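Colleague: Sequence and predicted structure are below.
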Amino acid sequence: MSILEMQRTIAEAGRIRIGQQVPAGSGRTRPEKLATFRLTSPDRRRIEDAAAMFGGSVSAWQAPAGPQWEVVTQTAEIEVIVPPQAMAFSQHYELWSAGGCQRRCDGQTEHLGQQACLCDPDDRECDIHTRLSLMIRDLPGLALWRLDTQGWYAARELAGAVDVIAMGAGRGIMIPARLLLEQRSVKRPGKDGKPQTLRFAVPRLDPGITPGDLLLGPGIAGVTPVAALAEGTSGRRLTPVPQIEAPRPSVAEQSAPPAARAPRKNAAPEIPASGRSRASRPPGEDRYWQARAFAEAGERGMSSDTVREIAAGVAGVEIGGFSMSSLTEEQWEQVHRRIPAFAPAADPDPEESAAPVAEPVAAEPAPMSSEAFAAFLADNRIDAAYARAVANEIYPGVTRMSGQQRAVLAAALA
């Protein structure tokens, strides 16, 4: 996975809960709904800050993951900020057991097993799980508090609220909201057919802006979502950052070369130009012709000293102070034309002229492994691209060289 595809998130500080476990006799417990929010976290300082702001007493709590701290607040309303939807909201059908989550699907694909949904759409084994991560506006620290619920009403209403808030978040603005805990009741037929009244708590998300602000964006009555945060009356106030409108450079200014930078006081003086022009020959071209000549001579059983003698003769200089890098392309062509004339020829025995005589074959170098060839290039500071160019010239069409071919190429590059 690349960095561009990596999902960004914010650290989780704790959980927002709407119920708790209470003793039910015989050492067992049962779930109980609450009228106010309950916050839990492994960080005691965050729970103490929450208790000071929302009321309630701090106490130790043994969570399934280990010791934590909790506070049952005295409020059913918390001012929050909704982060981007990718890190704020998730919703799945899930099947849990003592061993953990066994299934997690969206009604079509079961993601844990990468297979089709295993449930009957009319009689599902899995329960819907809704997770909403929020930032509590007035608590210190940039962290998320997660709310988990399995309620059907919360699943529908929280999803709708997050979709609406995402419209504003798409414009690059952070939207405040209120997290409310509502007590509701419905009547349903019981097992005996008689109506029963069911009472339950439903978390609800209420955006802190008007529908007009959400539709038209900032500018209505001079109030923006950021200004709405700054004008809050409870807890810390946030100061909006002014937007800086800087003039954009023109195309000509962007394409112009950068201005010369003033030298540092302790900078070394510039090295004066030698006056020699290197534009007539691309870097590495002389080594290419030299390696090509050595490769051709090696195939004919000739030594490198013979190639140097031929090159010195073409240049018309003594071999003692001669440098083959001074040859031009035309002179290298003459060297290539002269190499066959200097190749050693077989001297047949006149007494055995009737019998076939084997031609003398130059001793072949020992095969070279790919690791040894790579070490050879590194030790001699030979560029890999240059070595490939020489290899294509010697062995055209060969994509994978043998050990013998590597040894011949190394002798040509030496």
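Modeller: All right, it came through fine.

Colleague: Who are the contact partners of Ser303?
Modeller: Applying CB atoms under 8 Å, 6 or more residues apart in numbering, we find Ser303 in contact with Ala297. Just so you know, the C-beta spots here come from the backbone N, C-alpha and C atoms, and that holds for glycine as well.

Colleague: Check Ala154 too.
Modeller: 130, 202-204.

Colleague: so where does it fall, helix or strand?
Modeller: helix 152-169 (DSSP states H and E).

Colleague: swap in Gln334?
Modeller: Taking DSSP H and E as the criterion, Gln334 maps to helix 329-342.

Colleague: which strands and helices sit next to that helix?
Modeller: Counting contacts by 3 or more CB pairs under 8 Å, 6 or more residues apart in numbering; DSSP states H and E, helix 329-342 is packed against helix 285-299, helix 304-315.

Colleague: quick check: angle from that helix to helix 285-299?
Modeller: Taking axes from the mean of the first three to the mean of the last three CA atoms, to 10 degrees, one finds that helix 329-342 is oriented at 10 degrees with respect to helix 285-299.

Colleague: Which is the succeeding secondary structure element to helix 329-342?
Modeller: Downstream of helix 329-342, the next assigned helix or strand under DSSP H and E is helix 370-379.

Colleague: which residues are contacting that following helix?
Modeller: Contact with helix 370-379 is made by 368, 382-384, 387, 406, 409-410, 413, as judged by CB under 8 Å, 6+ apart.

Colleague: In it, which residues are buried?
Modeller: 373, 376 (16 or more other CB atoms under 10 Å).

Colleague: now it, how far from the chain's geometric center?
Modeller: Centre-to-centre, helix 370-379 and its host chain are 33 Å apart (CA atoms, centre = their mean, to the nearest Å).

Colleague: just checking, next helix/strand downstream of it?
Modeller: Downstream of helix 370-379, the first helix or strand assigned by DSSP H and E is helix 384-394.

Colleague: So which elements touch that next one?
Modeller: With contacts defined as 3+ CB pairs under 8 Å, 6+ apart, the packing partners of helix 384-394 are helix 285-299, helix 403-413.

Colleague: how far out from the middle of the chain is it?
Modeller: Relative to its parent chain, helix 384-394 has a centroid offset of 35 Å by CA atoms, centre = their mean.

Colleague: returning to that earlier point: CSV please, covering the contacts of helix 370-379 and showing neighbour count.
Modeller: What follows is the contacts of helix 370-379, written out as CSV (neighbours: other CB atoms under 10 Å):
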residue, neighbour count
Met368, 21
Ile382, 18
Asp383, 12
Ala384, 10
Ala387, 20
Arg406, 20
Leu409, 24
Ala410, 18
Leu413, 20
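
Colleague: Check those residues against Gln102 and report the nearest one.
Modeller: When the contacts of helix 370-379 are ranked by distance to Gln102 (CB to CB), Ala384 comes first, at 52.1 Å.

Colleague: which sections of the stretch 51-200 of the chain are below the confidence cut-off?
Modeller: In the predicted model of the stretch 51-200 of the chain, residues 85-87, 166-174 satisfy pLDDT under 70.
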